[in-house]
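Visitor: coords please:
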Amino acid sequence: MRLYAARPDRRLRQVLADAGVLAWAVLWVLVARVVHGAVLVLAEPGRAVEDLGTSVADSMGSAASAAEDVPVVGDELSAPFDALGDAAGSVSGAGQSAQDAVGTLATVLAVVLVVLPVGWLLARWLPWRLRWVREAAAVARMSGGPGDLELLAARAVATAPLARLAALPPGTGAAWRAGDPGAVRALAALEAARLGLRLPDPGPGATAPPLSG
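Guide: Reported below is the predicted structural model:
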């Protein structure tokens, strides 16, 4: 499978286009990483709340344990500390939930920042590249025999710009209609050149005769 044209100028455009797509993807991955890190900074208050709640819950738990050791009224003394510990645990959970929400938001934003711009460019670049690869493969298959070269020649007659057709040697059209191999090859080469390709050398034993007058 051929990925790049044989003609240097066309090949350079293809390489630059491919490199541009890669650079575009890398750029947005880097942007997404920066945004992800910036959004995660918003999780710091939630982390502080979680740490505070955990610290208070531990302190209240220790105080409740100490109060339970007081004879007779230990249970009554420890109850408020247990309640405060439960409340602090709820605050700690709220802090953790806030961190989770910020982490989810950071991930979603990072994914969107990569998928949307990169997907937008791929939707335009990929069909163009795949179409060229398919057409180049078709030209390679059709370059093997005179009958297939005639199809390429007919394609050139039907679709080639008039300026390119006019640049061919005089009498090419009439010679092509007469089945002249030189005219067929000239027109087929014109179609291959549209894709930046060159027809394979017919070889010393299969050299096409010159165009008929």
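Visitor: Please make it C-alpha for all contacts and neighbour counts, starting now.
Guide: Will do.
Visitor: sec struct for Val41, please.
Guide: Three-state call for Val41 (DSSP: H, G, I helix; E, B strand; the rest coil): helix.
Visitor: What of Glu191?
Guide: Classified using three-state DSSP, Glu191 is helix.
Visitor: Now do it, the pLDDT please.
Guide: pLDDT for Glu191: 83.
Visitor: Likewise for the one 4 residues further on?
Guide: Leu195 is assigned 83 on the pLDDT scale.
Visitor: Just confirm it contacts Ala137, I think it does.
Guide: No. In this structure Leu195 lies outside contact range of Ala137 using CA atoms under 8 Å: 10.7 Å.
Visitor: and those two? which has more neighbours close in?
Guide: Neighbours were counted for Leu195 and for Ala137 using other CA atoms under 10 Å; Leu195 has more, 19 against 15.
Visitor: Quick check: that one vs Leu168, distance?
Guide: 18 Å (CA to CA, to the nearest Å).
Visitor: do Ser59 as well
Guide: 93 Å.
Visitor: Then Ser92?
Guide: From Ser92 to Leu168 the distance is 82 Å (CA to CA).
Visitor: so what's the closest residue to Ala193 other than its chain neighbours up against?
Guide: Spatially, and ignoring its direct neighbours in sequence, Ala193 is nearest to Arg7 (8.0 Å; CA to CA, 6 or more residues apart in numbering). With contact taken as CA atoms under 8 Å, 6 or more residues apart in numbering, Arg7 is in contact with Ala193, Gly196, Leu197, Arg198.
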